[in-house]
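J.: coords please:
(2 chains)
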Amino acid sequence: MKEIQEYEKDIASIRTMMERSAKFISLSGLSGVLAGVYALAGAGVAYYMVQYPVSLFEYRVYSIQEPAILLKLILVATIVLVASISTGLYLSSLKAKKSGLSLWNTAGRRLAINLAIPLVTGGLFILIMLNSGHFGLAAPSCLIFYGLALIQGSTNTVDEVRYLGFSEIALGLLCAFLPGYGLLFWSIGFGVLHIIYGAILYNKYDK
Amino acid sequence: MKSPFDNLDKVLEHRVRLQIMSVLIGNEAFDFNALKEILSVTDGNLASHIKALEKEKYISVNKTFVDKKPNTKYKITAAGRNAFNKHVDALEGVVKQQKG
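T.: Purely as a prediction, here's the structure:
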């Protein structure tokens, strides 16, 4: 017969295995912080393109209508997105390697699929809106769909991602009310919130 | 009085087997390499414990080919789920009894 501590260890190992197999634990907090920094940089560029010298905190009555500027904005947003995803994948793969896991394991694959469904839907929806001239609601739509993607993905990773998702949705709905502050809300949602939650994850899981 | 020790499942008293079951109970199916990665065990060790669970019909094996490479997926059976739950209850009973 085994020692009682061995039975306690058995119970603990059941919990660990269930967690490890269902949740993607290699998510890098640092990459969240960096994604926030990229987003703020991108928002800065966008600010000088469309709003300067009017203050960021000034409510805009007109949305952008010129296709040339719109294309540039989409380009900036795409660069921010690609840079954030690449950083996230790279830093998470380093973290995975450290704990002897692979990035593309069952939990990682599930997380990717769960994130991708709302994100791709939202991305297409926003492109369709822009194409038909509905510019004002692009920023809140980004936030809302991103928030939905995070909540969907959170079942396969750390719990904090869920709260980030709720924050993005709340911000997105508020932004839909006040579309003239689109750039400001976008900077908070993709910049400030990523830095805050990234730092929380970093402190809790990366060290 | 029946002791909670009597309810422990002899097959599942090996930690690696218990861990395999823990992974399979929360997931639709898992392949050999994914199990190996999560449990951090050697091929031979994992294979022997899988065989033991298979023999008890606690897990089912599904062999397919992905890109001409063999891919073996394992699933928990109804009997396996039942045995796992019973064993976990017994474990909890044992620990509780010892702690008074």
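
J.: do you know the pLDDT at residue A:6?
T.: Predicted confidence (pLDDT) for residue A:6: 88.

J.: what is the burial count for it?
T.: 11 (other CB atoms under 10 Å in any protein chain shown). All C-beta spots, glycine's among them, are computed from the backbone N, C-alpha and C.

J.: residue B:49 versus that one, what's the distance?
T.: From residue A:6 across to residue B:49, the span is 17 Å (CB to CB, to the nearest Å).

J.: got the phi and psi for the residue nearest the centre of chain B?
T.: Of all residues in chain B, the one closest to the mean position by CA atoms, centre = their mean is residue B:21, 2.6 Å from it. Reported as degrees, to the nearest 10, the phi and psi values for residue B:21 are phi -60, psi -40.

J.: and it, what is it in contact with?
T.: Residue B:21 makes contacts with B:12, B:53, B:58-59, B:76, B:80, B:84, as judged by CB atoms under 8 Å, 6 or more residues apart in numbering or on different chains.

J.: make JSON lines out of those and add distance to residue A:173, neighbour count and pLDDT.
T.: Formatted as JSON lines, the contacts of residue B:21 follow (distance: CB to CB, whole Å; neighbours: other CB atoms under 10 Å in any protein chain shown; pLDDT from 0 to 100):
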{"residue": "B:12", "distance to residue A:173": "49", "neighbour count": "26", "pLDDT": "94"}
{"residue": "B:53", "distance to residue A:173": "49", "neighbour count": "25", "pLDDT": "96"}
{"residue": "B:58", "distance to residue A:173": "48", "neighbour count": "25", "pLDDT": "96"}
{"residue": "B:59", "distance to residue A:173": "46", "neighbour count": "22", "pLDDT": "96"}
{"residue": "B:76", "distance to residue A:173": "42", "neighbour count": "25", "pLDDT": "94"}
{"residue": "B:80", "distance to residue A:173": "45", "neighbour count": "24", "pLDDT": "95"}
{"residue": "B:84", "distance to residue A:173": "43", "neighbour count": "21", "pLDDT": "95"}
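
J.: so which of those belong to strands?
T.: B:59, B:76 (DSSP state E).

J.: what does chain B have sitting close to chain A?
T.: B:5, B:13, B:15, B:18-19, B:22-23, B:25-27, B:30, B:34, B:37-40, B:88, B:91-92, B:94-95, B:98 (CB under 8 Å from any CB of the partner chain).

J.: show the buried residues in those residues.
T.: B:13, B:15, B:18-19, B:22-23, B:25-27, B:30, B:34, B:37-39, B:88, B:91, B:94-95 (16 or more other CB atoms under 10 Å in any protein chain shown).

J.: please enumerate the helices of chain B.
T.: B:15-25, B:32-39, B:43-55, B:78-99 (DSSP state H).

J.: sounds good, over and out.
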